[in-house]
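Student: Predicted coordinates and the sequence they were generated for:
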Amino acid sequence: MVTALIELQGIRRTYGGNNDAPAVDVLRGIDLSIQAGEFVAIVGTSGSGKSTLMNILGCLDRPSAGTYRFAGEDVAAFDDDQLAWLRREAFGFVFQGYHLIATESARENVEVPAIYAGMPAEQRRQRSSVLLHRLGLDGRLDHRPNQLSGGQQQRVSIARALMNGGRIILADEPTGALDSRSGKDVMALLHELADAGHTIVLITHDRDVAAQAQRVIEIRDGEVITDSGHIAPSNALPAPDMRQAGRDSGASFSSELGEMLRSAWRVLLIHRFRTALTLLGIIIGVASVIVMLAVGEGARQKVVGELGVMGANVMYIGSAVPRTGGPIGVLTLDDFAAIGELHEVAEVMPILRDPALIRHGQEALHTEVLGVGDKLPQIHHWPVARGRFFSAAENREVAPVAVLGHGVYEALFTDGSDPLGTVILINSAPFEVIGVMSEKGSDAGGNYPDEQILLPHSTGMVRVFPKLRDESYGAIQVKSSDLVIQAQTAIEELMQDRHGRTDFRVYNSAAKLQAEAKTRQSMTLMLGLIAAVSLLVGGIGVMNVMLMTVRERTREIGIRMATGARQRDIMRQFLTESVLITLVGGSFGVISGLAFGTLLILWSVPLVFSLSAMLLAFACSMGTGLVFGYLPAKTAARLDPVVALAAQ
Ligand code: ADP
Ligand code: MG
């Protein structure tokens, strides 16, 4: 004797039995065997346990006791993935309520089982067309279930049952909701399928319908009371190869992805308003991440730029009128020498500074002339563009040489001719131009270095400013920028000692800038936190809407499981949806962040956009989708197929 395709022994199913619900024995020891190719009707009154039995036959549910052998294999040993495989490869369900996915077209509904079986798209399309054509649904391929009559919907669900072969058709009251004509059509179809070798298990409460089957099994109160017995079929379709059970369907993530994206997109479109609101949270989150990072970067670059102009480790000292009264202080060359001895100090440079009249040929201008040390280019990180700076020797020897600021050069040499070697007059004294400084721009102190002329300190003192006898001002370069505060204290103590009173002042703009940079940094951090929080709130919105979606689509999840989806397929589908929401939100967020940032730039807020910040924001939004979509997706994947199918 051949092994039966389906063999049940002592199958029991008990509901409840835990604290609140009393135990109900719905199936009470069913023994039953069905051969491949049989057309069996299971008949019984409502509540007799037919649907419960069908759920067990179709591996949607597990029995409480007893054994179920499918093609000789004990199904109890199968894990969830193997059961999903069996539903996909062996069974095709036809339900009283059709159970089509409302958001998908007729064709898409039919193709669902094939997607989970990993059938390539082209082949899927062909097969669904052939099936729908065979079932007389040409011209209805793109209709949604609610655009089809009951009879048409039931034929779509039969096509779906056949999509992966449908060796065993489990039909639970397939004609129950149909008018008599449509019901007859469906019965005729089942007969055709039986003739073609499909095993049909037809469940009905109607004896007349049951009588059309070759074999009739009657159950009452969860027990088989009559069985008309086997009728050996001749041309049965073979059982699936059980050695393949649980093998991966070959439905690779990437091939499923397109399909999942398509259906996720459709769901989002159907709930446009809700989706838009959820998107808003993500958009605001991502846009603020982008803008905040740009603000932070802008502030950082501004400070770095200012430090570059001023020098991160340069401070100035000037004479001052003491608060206690008395004459203005005088800083002597000896004072500068003593400051230069301090171990925090790298260079010190007295500066003479006064406006003077400059002449060159026909051109004349009033501008600031500085007598400085030969180390100026190094102290101020300000290189010479043409020619050279003067040397320490020239400074000692009172050489009549001058280096022009970029702006001065442009003003004096309007024809752009070579200034090197030419002679200009500064307050009537002749000077040879030996260099032109590079362009520097204005610094934070409102100085315009490009409009200055630089002379050796000694030359300035002797030839240009004979009345400016005393040095009252100078620049100090500290060895490193973290020493600026320490150096300031040391200089102040030293000068206090030397002068016995506070007749000087140290201008420590480097320390000021550093402090400012710190405040800006902490502000950026705070803004960043706000951005992160808004992204978090957006993520919670996504989670909320996804949990809602899972609730609303519980039945769809059941349908997908009945047609062979594994838990991970369901999980992936809902994750795809949440990630799609956050990716769309992320894209709009990037766009609105850029737009808002541009607006801020027009308001002259220093903003610097960076590609890495945008990628980061994008990655964050995608991560948000994954993190906040995980729980809803997990909830969906964990649903019991029978419970899910029974949902509204
Ligand atoms: P039929 O399909 O023959 O009408 P069912 O198999 O649907 O019957 O149900 C058989 C019995 O099991 C009914 O009395 C029903 O109330 C009970 N039942 C079905 N599902 C559950 C459940 N999840 N929890 C408790 N009782 C259930
Ligand atoms: Mg029922």
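Tutor: Alright, I've got the coordinates. Numbering: from 1, shown residues only. Ligands and ions are numbered 1, 2, ... in the order given.
Student: And the next helix or strand past whichever strand or helix holds residue 576?
Tutor: For residue 576, the host element (DSSP states H and E) is helix 567-602. Tracing the chain past helix 567-602, the next element assigned as helix or strand by DSSP H and E is helix 611-637.
Student: near ligand 1, anything from the very next helix or strand once past that following helix?
Tutor: Once the chain leaves helix 611-637, the next helix or strand it forms, by DSSP H and E, is helix 641-646. No - using CB under 6 Å from any ligand atom, helix 641-646 stays clear of ligand 1, with a minimum separation of 7.2 Å. Every C-beta, even on glycine, is put in place using the N, C-alpha and C of the backbone.
Student: just checking, what packs against helix 641-646?
Tutor: Using 3 or more CB pairs under 8 Å, 6 or more residues apart in numbering; DSSP states H and E, the elements in contact with helix 641-646 are helix 554-562.
Student: ok, back up a step: in the helix holding residue 576, what counts as buried?
Tutor: Going by neighbour count (16 or more other CB atoms under 10 Å), the buried part of helix 567-602 is 567, 569-590, 592-594, 596-597.
Student: and what of stretch 183-199?
Tutor: For stretch 183-199, by 16+ other CB under 10 Å, it's 183, 185-187, 189-190, 193-194, 198-199.
Student: among these, which are in strands?
Tutor: residue 199 (DSSP state E).
Student: would CSV of the buried residues of stretch 183-199 with pLDDT be doable?
Tutor: Formatted as CSV, those follow (pLDDT from 0 to 100):
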residue, pLDDT
183, 89
185, 89
186, 90
187, 92
189, 91
190, 93
193, 92
194, 92
198, 93
199, 94
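Student: Please identify the one among the buried residues of stretch 183-199 that lies nearest to residue 154.
Tutor: Distance to residue 154, by CB to CB, is smallest for residue 186 among the buried residues of stretch 183-199, at 5.6 Å.
Student: Quick check: which ranges of the stretch 101-250 of the chain have low pLDDT?
Tutor: When residues are selected by pLDDT under 70, those of the stretch 101-250 of the chain lie in 246-250.
Student: what do you get for the stretch 401-550 of the chain?
Tutor: For the stretch 401-550 of the chain, the stretches with pLDDT under 70 are 442-446, 468-471.
Student: on that earlier part again, which ones among the buried residues of stretch 183-199 are found in helices?
Tutor: 183, 185-187, 189-190, 193-194 (DSSP state H).
Student: contact partners of stretch 107-118?
Tutor: With CB atoms under 8 Å, 6 or more residues apart in numbering as the test, stretch 107-118 has contacts from 84, 88-89, 92, 100-101, 104, 123-125, 127-129, 131-132, 141-142, 145, 156-157, 159-160, 163-164, 249-252, 255-256, 259, 263, 559-560, 563-566, 569.
Student: same thing with stretch 405-421?
Tutor: With CB under 8 Å, 6+ apart as the criterion, stretch 405-421 contacts 358, 360, 363, 365, 367, 385-387, 404, 424, 432-440, 448-454.
Student: from the contacts of stretch 107-118, which ones fall inside strands?
Tutor: residue 92.
Student: Any of the contacts of stretch 107-118 buried? List them.
Tutor: Buried among the contacts of stretch 107-118 (16+ other CB under 10 Å): 84, 88-89, 92, 100-101, 104, 124, 127-128, 131-132, 141, 145, 156-157, 159-160, 163-164, 249, 251, 256, 259, 263, 559-560, 563-566, 569.
Student: Surely residue 295 is in contact with residue 607?
Tutor: Yes - using CB atoms under 8 Å, residue 295 is in contact with residue 607, at 5.9 Å.
Student: Find residues that contact each of those two.
Tutor: With contacts defined as CB under 8 Å, 6+ apart, the residues shared by residue 295 and residue 607 are residue 600.
Student: returning to that earlier point: from the buried ones among the contacts of stretch 107-118, which are also near ligand 1?
Tutor: Counting by CB under 6 Å from any ligand atom, no member of those is near ligand 1.
Student: Write out the residues of this protein neighbouring ligand 1.
Tutor: 15-16, 24, 26, 44, 46-52.
Student: Specify the local secondary structure of residue 28.
Tutor: Of the three states, residue 28 takes strand according to DSSP: H, G, I helix; E, B strand; the rest coil.
Student: Identify the residues contacting it.
Tutor: Contact partners of residue 28, counting by CB under 8 Å, 6+ apart, are 12, 221-223.
Student: Adding distance to residue 34, neighbour count and secondary structure, write these out as a markdown table.
Tutor: Shown next, in a markdown table, are those (distance: CB to CB, whole Å; neighbours: other CB atoms under 10 Å; DSSP: H, G, I helix; E, B strand; the rest coil):
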| residue | distance to residue 34 | neighbour count | secondary structure |
| --- | --- | --- | --- |
| 12 | 19 | 16 | strand |
| 221 | 21 | 14 | coil |
| 222 | 18 | 23 | coil |
| 223 | 17 | 16 | strand |
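Student: Most widely separated two among the residues you listed?
Tutor: 12 and 221 (12.5 Å).
Student: sorry, back to before: the residues of the chain next to ligand 1, buried ones only, as a ChimeraX selection?
Tutor: Buried residues among the residues of the chain next to ligand 1 (16+ other CB under 10 Å), as a ChimeraX selection:
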select :26,44,48,49,50,51,52
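Student: Which members of the residues of the chain next to ligand 1 are the farthest-apart pair?
Tutor: 16 and 44 (20.9 Å).
Student: And the strands in the stretch 401-550 of the chain, which stretches?
Tutor: For the stretch 401-550 of the chain, the strands defined by DSSP state E, counting those that start in this stretch cover 401-404, 423-426, 429-437, 452-456, 473-478, 504-507.
Student: Need the nearest residue in space to residue 9, chain neighbours excluded.
Tutor: Spatially, and ignoring its direct neighbours in sequence, residue 9 is nearest to residue 67 (4.9 Å; CB to CB, 6 or more residues apart in numbering).
Student: Using the three-state scheme, assign that neighbour.
Tutor: Here residue 67 is recorded as strand under three-state DSSP.
Student: what pLDDT does it get?
Tutor: If you check residue 67, the pLDDT there is 95.
Student: ditto for the one 4 residues further on
Tutor: Per-residue pLDDT puts residue 71 at 90.
Student: Give me the neighbour count for it.
Tutor: Residue 71 has 19 neighbouring residues, counting by other CB atoms under 10 Å.
Student: now do residue 261
Tutor: Residues near residue 261, counting by other CB under 10 Å: 16.
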